[in-house]
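In: Sharing a model prediction with you, sequence too.
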Amino acid sequence: MNPIKVNQDKSICEHDQLKAAYALNLCTVSVSQIVDYKDLNVLEQEYELILNNLNLHNMPKDQALLHILRQILDTVTFFRIYEGDKMMLEKKYQQKIKNAIWNAIPSFALIAVGEPYTFAISMIASVGMGYMNYRKEKANILTEREEQEWTLQRSAIEQFNALRRELFDTAWRLSDSYKFDDKYRLTESQISQYNSILMDSIPLRKYERLDSIKDNFEAYPPFWYYFANAAMDVVNVYKNETAFDDNISAINKYTQLAEQNYQKYLDKDIDLLRNNYIRSACDLEYAALLLDSLPRIEDNEKKLRLCKINYLIDDAIKHCGSKLDILQIASVYYLRLNKTEEATKHLRKLIIENYNTKTNSQLLSLIYLQEAVFDNKKFIPNTLKYKELIQFTDRMNLIPWVDSEKELTKEHLRNINELFLNNQKDQLFSYLEAIVNTIFHKEIISYNKELYNRHNMDESDAFFEDTIYAEKERTKVYKKLYYKEDEWKRFTADLSEHTIIISLNKHINKLLRSLDKLAQVAFNLNIDPETDLKSIKEVLTSNHSSYKGLLIDETKSSITDDSIIQQIKYLENKIEKNEFEFKDYQRLSSLTLTTIMEKFIEDFVMNFWTKVIAPQNAYKELANIESNFTDFCNVEGLPSLEQLCSQGYNNRNIPEEYKIFDLFSCFEDGKKIEEQIRIENNLIELFKSYEEKGILFKENKDGLTFTTDTVFINNHLNTIPNNDATTIKNKGRVLAYFHDQKEWYERHVDIFFMKKGFYFRLDAKMSTSKLTFIPYNKIEFDRIKKGLKYKNEIFYQSSQINLEAFYNLIRNANNQ
């Protein structure tokens, strides 16, 4: 027998065994990560990169394994995330890459001198590929909202758990068929431990935990990529520490360990995937490590390293399939190596695919101009390429072009650089205006809905804008409402008790909180209450004469020239006296949020333009501000910056947090009003709680009423004699109403609950009514006689009322 033939057969057998074990482990780890991470994005990644990317031709021909894989794919397909959600995450990642690129490039001014493409590769490498970037974010800074948003459904986890168990059963059959050593097969506990380690947010601990389990992963090549990646995370921690010189030995140690493990992954990798994203990621991270080491090595070794780096970048592109984040990073690495032909080819593809279009078109226009500077023969062909580029993106995004070769001078290029910066500043100003205006627009609609949509009218948002058309449409609706007495009463009742002030105060502060948050996120600054809010007070307290046109049919009233604050007081007085007419509605409709806040909004935008945007001299600073705008839009649920420039948005409500502007301070008795509102709101909540519980009445509720319905109360007040009704109204607002009909021959009882006490009214058809105001703190409960006492006399008893609960209500009201 030929010994060589025997050895070949043995070698093939071992290769097949490793391939079978790897195939099994690859699928098992993938499903286990879906279960252990409990995250929709991880599910999506595992589906795209592993489970739906298997090279079935190279997979072990095992029917049981193929059957379970089909089940897994069917299950994953059912639970996959929406394209829109994927796009949102992709945009977030692209923004990080964009920031890294512009922070890695020292300055555009370099196009006129020396080395054209001096990139700080470590900045770009630290972001990593999208796959790893998300998983590291998940371990570190994923917000609670994002955790909830991406959590996998319990039903999905249960189904994947069942499939995972079935995979482990398949493992036994597969290991028996291929006779591979059981040490190659990863157990459920080993995989769970591995997944737990990958989620560790402390780099050194993560590395050492991986080091302790590495012997179990000989038949799972991706382990060695993650092992190397963890070592590089340790390197980055040491590099970021202040005592850098003291860390050199540790940096060198973990850099060498990373290099060894990147190479070990590449040596062990088996071709089981059609497109190997993890291999591409490994290639580029390994290339970044080697690029970073070039300045510190000898020339003869440098040539070998450059060959290795070129191989790694080419290999990354070869295995990446349609993953554009790989092409993005590879193109920047090509630029770092001055391989502009390869870089431009891939950058153009990224632009055509609409991937990070703005950044890539800027890079490409920079390359075209750079080439023309150093080689005048390229001016004409690159001019043509530049004109083609304009068809894919906004020309304002690009490095400005020159009209002739004569303009390729240092002085003119400095002018180009300045023009480019000014264009980007103008664009940032447009973005800032768009964000602020859409926040303002949203708050205008919210305020107008609160005031003018008390009955949930079926109207679009356009109906509640502060436009002339919208105001005309609302006026038509409320003019019809004015002639429907009950509906007008309800509308007026809803406006009673400082509703206008409360609504204005709430929405001004919601608007200011949103703008303050924008200032914090975008510029790391805050609204200054001392200086920035002066314009609001000035508008509120200055004479305001926009109401004159509303008073055509009456002699000119001084109210038309009063301040907005005086106008509000006038209108609230009319509302409390039940004298609010249609002409008063017209006055109210002119007290818009736009009128009050427009000057502040203009000042806000100009203030941050003057203070922050205009003084910037480096594009990377402008790029960082744009990135901050994008982050703000993502958090607040706004569309992209480009969309915002052309349309509004519907944003979720901003929670009540803190008061930036105190509207009440603009009124002479503002603090008193605010305290009164607080007490009355507490009382209303108290009365409503008793109303909802229904504990005041015993079983028979006939003839008994307890309500906080304002319209019902006002309607009832209109049925009692004018002198009693006037006395009650002059005392203040009725917060709740109680009625005990009693028997027909007895006098029935009305109780009108107010802030400090209630009016107790006895009435009957055959006798004179009696109206008494009784303060809450003067009422006692006689438990023996089962009655309420005032001035030592029982004034109310009833067998149908739970009087102890009634007395508790009175005591609670007194404590507000």
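Out: That came through fine.

In: Quick check: chain neighbours aside, which residue is closest to the most centrally placed residue in the chain?
Out: Taking Cα atoms, centre = their mean, the centroid of the chain lies closest to residue 635, which sits 1.8 Å from it. Leaving aside its chain neighbours, residue 635 sits nearest to residue 521 (7.6 Å; criterion: Cβ to Cβ, 6 or more residues apart in numbering). (C-beta placed from N, C-alpha, C; glycine too.)

In: so that neighbour makes contact with residue 631?
Out: Yes - here residue 521 lies in contact with residue 631, judged by Cβ atoms under 8 Å, at a distance of 6.0 Å.

In: Make sure residue 197 is indeed in a helix.
Out: Yes - assessed by DSSP: H, G, I helix; E, B strand; the rest coil, residue 197 belongs to a helix.

In: what about the closest residue to it other than its chain neighbours, helix or strand, and which?
Out: Counting by Cβ to Cβ, 6+ apart, residue 197 lies nearest to residue 209, which is 4.5 Å off, once chain neighbours are set aside. Residue 209 is part of helix 203-213, with elements assigned from DSSP states H and E.

In: For that helix, name the packing helices and strands.
Out: Counting contacts by 3 or more Cβ pairs under 8 Å, 6 or more residues apart in numbering; DSSP states H and E, helix 203-213 packs against helix 188-198, helix 222-240.

In: so what does the longest one touch, helix or strand wise?
Out: With contacts defined as 3+ Cβ pairs under 8 Å, 6+ apart, the secondary structure elements packing on helix 222-240 are helix 121-127, helix 203-213, helix 248-268, helix 277-293.

In: So in this structure, where's the weakest helix or strand by average pLDDT?
Out: Every helix and strand of the chain was ranked by mean pLDDT, DSSP states H and E. The lowest is helix 144-150, at a mean of 45.

In: Model confidence for residue 748, exactly?
Out: At residue 748, the model reports a pLDDT of 82.

In: I'd like to know how many residues surround it.
Out: 17 (other Cβ atoms under 10 Å).

In: Repeat that for residue 785.
Out: 10.

In: One more: residue 397?
Out: Neighbours around residue 397, by other Cβ under 10 Å: 20.

In: Test my guess that it contacts residue 363.
Out: No - with contact defined as Cβ under 8 Å, residue 397 does not count as touching residue 363 (10.8 Å).

In: All the strands of this structure, in order from the start?
Out: Listed in chain order, the strands of the chain (DSSP state E) span 704-707, 736-740, 748-753, 757-764, 767-775, 779-782, 787-790, 793-796.

In: worst average pLDDT in those strands?
Out: strand 767-775 (a mean of 81).

In: and it, which residues are buried?
Out: 771, 774 (16 or more other Cβ atoms under 10 Å).

In: Now do the helices in the stretch 401-550 of the chain.
Out: With DSSP state H, counting those that start in this stretch as the criterion, the stretch 401-550 of the chain has helices at 410-452, 468-482, 485-494, 499-523, 534-541.

In: I'd like those helices as a markdown table, with mean pLDDT and distance to residue 95 appended.
Out: Output for the helices of the stretch 401-550 of the chain, formatted as a markdown table (pLDDT from 0 to 100; distance: least, Cβ to Cβ, whole Å):
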| stretch | mean pLDDT | distance to residue 95 |
| --- | --- | --- |
| helix 410-452 | 89 | 13 |
| helix 468-482 | 89 | 36 |
| helix 485-494 | 84 | 45 |
| helix 499-523 | 89 | 13 |
| helix 534-541 | 84 | 34 |
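
In: between those, which one is nearest to residue 788?
Out: Nearest to residue 788, of all these, is helix 485-494, at 28.9 Å by Cβ to Cβ.

In: mind giving me the domain split of the protein?
Out: 13-84+110-274, 447-644, 670-814 (automatic domain parsing).

In: Mind putting these into JSON lines with distance to residue 334?
Out: Shown next, in JSON lines, are these (distance: least, Cβ to Cβ, whole Å):
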{"stretch": "domain 13-84+110-274", "distance to residue 334": "9"}
{"stretch": "domain 447-644", "distance to residue 334": "21"}
{"stretch": "domain 670-814", "distance to residue 334": "65"}
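
In: Tell me which of these lies nearest to residue 347.
Out: Using Cβ to Cβ, the nearest of the domains of the chain to residue 347 is domain 13-84+110-274, at 12.5 Å.

In: so how far is the first residue of the closest one from its last?
Out: Distance between the two ends of domain 13-84+110-274: 23 Å, counting by Cα to Cα, to the nearest Å.

In: Stretch 526-541 too?
Out: End residues of stretch 526-541 are separated by 25 Å (Cα to Cα).

In: Determine the number of other residues adjacent to residue 212.
Out: By other Cβ under 10 Å, 11 other residues sit near residue 212.

In: gap between it and residue 181?
Out: For residue 212, the distance to residue 181 equals 21 Å [Cβ to Cβ, to the nearest Å].

In: and what of residue 225?
Out: Counting by Cβ to Cβ, the separation of residue 225 from residue 181 is 23 Å.

In: higher neighbour count, these two?
Out: Higher neighbour count among residue 225 and residue 181: residue 225, with 24 against 13, using other Cβ under 10 Å.

In: List the residues that contact the more buried one.
Out: Contact analysis of residue 225 by Cβ atoms under 8 Å, 6 or more residues apart in numbering lists 261, 262, 265, 278, 279, 281, 282.

In: Apply 6 Å and report the result again.
Out: By Cβ atoms under 6 Å, 6 or more residues apart in numbering, residue 225 lies in contact with 265, 278, 282.

In: Let me have the residues you listed in TSV, extended by neighbour count and pLDDT.
Out: Converted to TSV, the contacts of residue 225 look like this (neighbours: other Cβ atoms under 10 Å; pLDDT from 0 to 100):
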residue	neighbour count	pLDDT
265	23	96
278	20	90
282	29	95
